[in-house]
Structures are given as structure tokens and as C-alpha cells.
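Enquirer: okay, structure incoming, though there's no sequence with it:
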Ligand SMILES: Cc1ncc(COP(=O)(O)O)c(C=O)c1O
């Protein structure tokens, strides 16, 4: 018989008050885990295998697979032609911009730029920002909690005259905005930080950070790659200037997107061929991207919207998407609390927030070590037990150093998302107990 998991409706009595969203939110009483999980055939088809490496890339729902097929069979041609199939690709691209704008709570699809991944977008924006340094604004604030993609891309601006200041996490594994206040000066050009850490799962108060950055006359660039699959993104509430996501972490195939305020994107000196209009989004989108994957991203957002409808939100497409993400966040908090108990029972050293009262300040992404067991051994034995987790530096070398961990061994990371179940968390916890000496 296949599968050891029997997902059922999980009670989600928790609220989703988090540093990224301090205001009260729509909170459903139950999360339909059985149907939410059943939408992902790679997950149910692999049972009893447990996908706990979601921070590295998520599985896709059947609708996304169908959409890739539909695209490739029906109109796998270049856009911009005068024939129907090409015009259909134009529609697919326009629709993706509109759907992603809904997902981010932007009112202008021209603010959504499509591409291959987050790193290439961060590099593109950093190169453009590099050309605007000077005129008394040459300082860039970076964090020691970010993925290296949102650090090295900015450090590469040193030859262009950039100076760097470091917003360091505190001992609790969280970036505190009070510390940012002390780093901002009239010379600050931009603050680059995450919405949530891909290694520790801590959530950053990005609205608070944006307010401070703007008060100092600076811009803020948000890396929402790790946060976006787990909770509501709201570029208006956060009042950020730029925000980047990887579609392949948000249940779509490989693609990425960048959002920027229209005025901010308009002002960026980006590379483009002469005949490309100097306007967003085209001035940001050099070359061709993967249309079938962009099409799939749209239907993933449709899928999330339908989940929000199931959870009871009816007002508007944006309200339904927001309700889905709030429902996912609330459900995942229950999994995070359960995971925390399991890790503690196994005697794990947990990096970052481990106080059950602070679960709303983190995502269900846990970096930890088991005393006396190498991280690689934990992952290798987990693999043998049918559990996919990861060990290493999580592309966060500066963070590893802060934590006193070696780059080549690092920590173990188990990262949960909304198709995972309480039963899977329990199986993982039981597995960890078998490693105790
Ligand atoms: C927080 C964070 N930022 C950036 C990236 C890089 O994303 P991409 O692979 O789309 O370039 C990742 C990838 O894991 C990530 O987790």
C-alpha cells in the first residue's frame, strides 16, 4: 500500500500576526490540507517520501503541469508576431503580469518584470543602482542574514565606488529595525534585505525598514524569495521600492520575477537594445524568458486564489489570494510549533527563533544541528529513511560564520510548506530520535 500519510483537516486556531504583517488578518478556522496536498501529484505520488527541502524549490500542482503542456502543444512560438499562436503568447505574458501584480498587491502590471531567477534580477538592479552612485549617496546597507545572492551582487559594486554598512542580526536570529536606524545616513543609497531568511526562517519587519530607509532618502530592495510561498506579500503595505521572487519556490516551474515601483524602475539605467522602449517592464527584460513556465506561474496564482475562495474569501481576486496566503501562514505556524517540539525532544541545537511564543515571527524553516552528529550524516540518514532535507551553508556563508559553523559542514535545514502534514513532522521527529547517541 502506498503512503503512510493520511492528511485530514487541520485545526488552525493560530493567528497570522507577523512582523511583516502586524495588522489583523483574515484567519480561517480550518485549512483543507487533504485537498491542498492532493493538488500536488509529485507529493502524493512519492508517498511515503517526505519533501522537507522546499526552501530549495517547491513541487508544482497538476494545473501547472497541464498549463506547461497546453502552452507547448498549442503555442510554443515567439511572441510579437501577427499570427494567432504568437498573439496567444502575448496574452499569456500580459496575463502573467496581471496575475503576479495581484499576488503582490500591486495595482500596475507594468511594475512586474519576468525573467529566469532572482539572482539575475538582483544583479540587474544592482548594476543599474551602481551607475547612480555618487552625488553624496554611495552607501549600501546589507545584512549578515541574507542569501548571498542579495549580498555578493551588491558587493560587486565596490569598484563603482559603493561603500557598505552591515545590518547585523541579533542573537535571536532576527534583524531588528532599531539597528537599521543607526546605520542609515544621508549617504545611504539603498537598503537590501530579506523578507525572511532562507536559512533560519526569521521574518523581517520590512514595512518598518522601508519607513526608516525612506525617511533617510534611501530606497529599499527586498528579497522575498523565501517568504513568498508562505505568507501574504503586499508591496503597498510594505511600501518597498523593489522586490524579487523565484517562481520555482512558489509552486511554479523555473522562472523569476522582479517588481519595482513604476517610477523607480523608470529611473534605473538598465541595459537594453536601442529599439527596446526605455520603459518598464521591457527595459528590465533583456532577452527571452521561458513562456511556458510564466504561463504556469499564472495558473498557480489562480490555484491559490481558488484556495482562498475555499477558505471563505469572496470579495475580489486579490482578497482571495491574500486569504489563501493567510490560511497557509496560519496552517504552517501549527506545523512550525510541532516541528519545534520534535527538534527539542531530539536535543537539537536550533539556530534562530526557538521560543514557541514567537512562532509568528518565523517561517517553518529550521536550521539545526544534532550534537555529535555531522550535518551530512543527518541528511544522508534522512534520505535513507525517505526524507528529503538539506545540509550545508544554505548560500549564507556570512551567517554560518556568525553562528560559528564551518562553511563546508554548516547546519541541517528542514523546510516545510503547506502541502506537508503534521504526520510528516511527527515522522521526522521520530527519525531524529533514532540518531541520538
Ligand atoms: C532567500 C533567497 N534569495 C535568493 C535566492 C536565489 O534565487 P534564484 O535561484 O531564483 O536566483 C534564493 C535561493 O535559494 C533564496 O532562498
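Expert: Cool, the structure landed. This structure is a prediction, so every number in the text was calculated from the model and none was measured. Residues are numbered from 1 along each chain as shown.
Enquirer: who in the stretch 301-437 of the chain is up against the ligand?
Expert: When proximity is defined as C-beta under 6 Å from any ligand atom, the stretch 301-437 of the chain does not approach the ligand at any residue. Just so you know, the C-beta spots here come from the backbone N, C-alpha and C atoms, and that holds for glycine as well.
Enquirer: the helices in the stretch 301-437 of the chain, which residues?
Expert: Ranges of helices in the stretch 301-437 of the chain, per DSSP state H, counting those that start in this stretch, are 317-345, 375-384, 397-402, 422-434.
Enquirer: elements contacting the first one?
Expert: Contact analysis of helix 317-345 by 3 or more C-beta pairs under 8 Å, 6 or more residues apart in numbering; DSSP states H and E lists strand 10-11, strand 30-31, helix 84-104, helix 291-310, strand 349-351, strand 365-369, helix 422-434 as its packing neighbours.
Enquirer: look up how far the ligand lies from residue 397.
Expert: Look at residue 397 and the ligand: by C-beta to the nearest ligand atom, to the nearest Å, they are 14 Å apart.
Enquirer: what stretches of the stretch 251-400 of the chain score poorly on pLDDT?
Expert: Along the stretch 251-400 of the chain, no part satisfies pLDDT under 70.
Enquirer: how about the residue of it found nearest the ligand, phi and psi?
Expert: Proximity to the ligand, evaluated over the stretch 251-400 of the chain using C-beta to the nearest ligand atom, is greatest for residue 256 at 4.8 Å. When read as degrees, to the nearest 10, the backbone of residue 256 gives phi -140, psi 160.
Enquirer: for the closest residue to it other than its chain neighbours, give me the pLDDT.
Expert: By the measure of C-beta to C-beta, 6 or more residues apart in numbering, the closest residue to residue 256 outside its immediate chain neighbours is residue 117, 4.2 Å from it. On pLDDT, residue 117 comes in at 98.
Enquirer: for residue 117, list the residues it contacts.
Expert: For residue 117, the set of contacting residues under the criterion of C-beta atoms under 8 Å, 6 or more residues apart in numbering consists of 246, 248, 254-256.
Enquirer: what does the stretch 1-150 of the chain put close to the ligand?
Expert: That would be 117-119, 147, 149-150, which are the residues of the stretch 1-150 of the chain within reach of the ligand (C-beta under 6 Å from any ligand atom).
Enquirer: quick check: residue 81 touching residue 88?
Expert: No - if you go by C-beta atoms under 8 Å, residue 81 and residue 88 don't touch, sitting 10.1 Å apart.
Enquirer: okay, and the common contacts of the two?
Expert: Looking at what touches both residue 81 and residue 88 (by C-beta under 8 Å, 6+ apart), there is no common residue.
Enquirer: of those two, who's got more company?
Expert: The residue with more neighbours, out of residue 81 and residue 88, is residue 88; 17 against 12, by other C-beta atoms under 10 Å.
Enquirer: number of nearby residues for the spatially closest residue to that one that is not a sequence neighbour?
Expert: Once its chain neighbours are removed from consideration, residue 88 has its nearest residue in residue 75; the separation is 4.3 Å (C-beta to C-beta, 6+ apart). A total of 21 residues lie near residue 75 under the criterion other C-beta under 10 Å.
Enquirer: ok, now residue 287?
Expert: 7.
Enquirer: tell me the SS of it?
Expert: With DSSP: H, G, I helix; E, B strand; the rest coil as the basis, residue 287 sits in coil.
Enquirer: swap in residue 245?
Expert: For residue 245, the secondary structure call by three-state DSSP comes out as strand.
Enquirer: ok, it - contacts?
Expert: Residue 245 sits next to 118, 224-225, 228, 233, 256-257, 259 when contact means C-beta under 8 Å, 6+ apart.
Enquirer: does the residue of the stretch 251-400 of the chain closest to the ligand touch residue 123 like I think?
Expert: No - between residue 256 and residue 123 no contact is recorded; they are 11.4 Å apart, counting by C-beta under 8 Å.
Enquirer: among these two, which residue is more densely surrounded?
Expert: In this comparison of residue 256 against residue 123, neighbours counted by other C-beta under 10 Å, the higher total goes to residue 256 at 25 against 15.
Enquirer: that one bridge partners, please.
Expert: residue 115, residue 246 (DSSP bridges).
Enquirer: check contacts around it.
Expert: Contact criterion C-beta under 8 Å, 6+ apart gives 114-118, 120-121, 244-248 as the residues in contact with residue 256.
Enquirer: what would those residues look like in JSON lines with distance to residue 96?
Expert: As requested, the contacts of residue 256 are exported to JSON lines (distance: C-beta to C-beta, whole Å):
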{"residue": "114", "distance to residue 96": "6"}
{"residue": "115", "distance to residue 96": "12"}
{"residue": "116", "distance to residue 96": "14"}
{"residue": "117", "distance to residue 96": "16"}
{"residue": "118", "distance to residue 96": "16"}
{"residue": "120", "distance to residue 96": "17"}
{"residue": "121", "distance to residue 96": "15"}
{"residue": "244", "distance to residue 96": "16"}
{"residue": "245", "distance to residue 96": "13"}
{"residue": "246", "distance to residue 96": "15"}
{"residue": "247", "distance to residue 96": "9"}
{"residue": "248", "distance to residue 96": "14"}
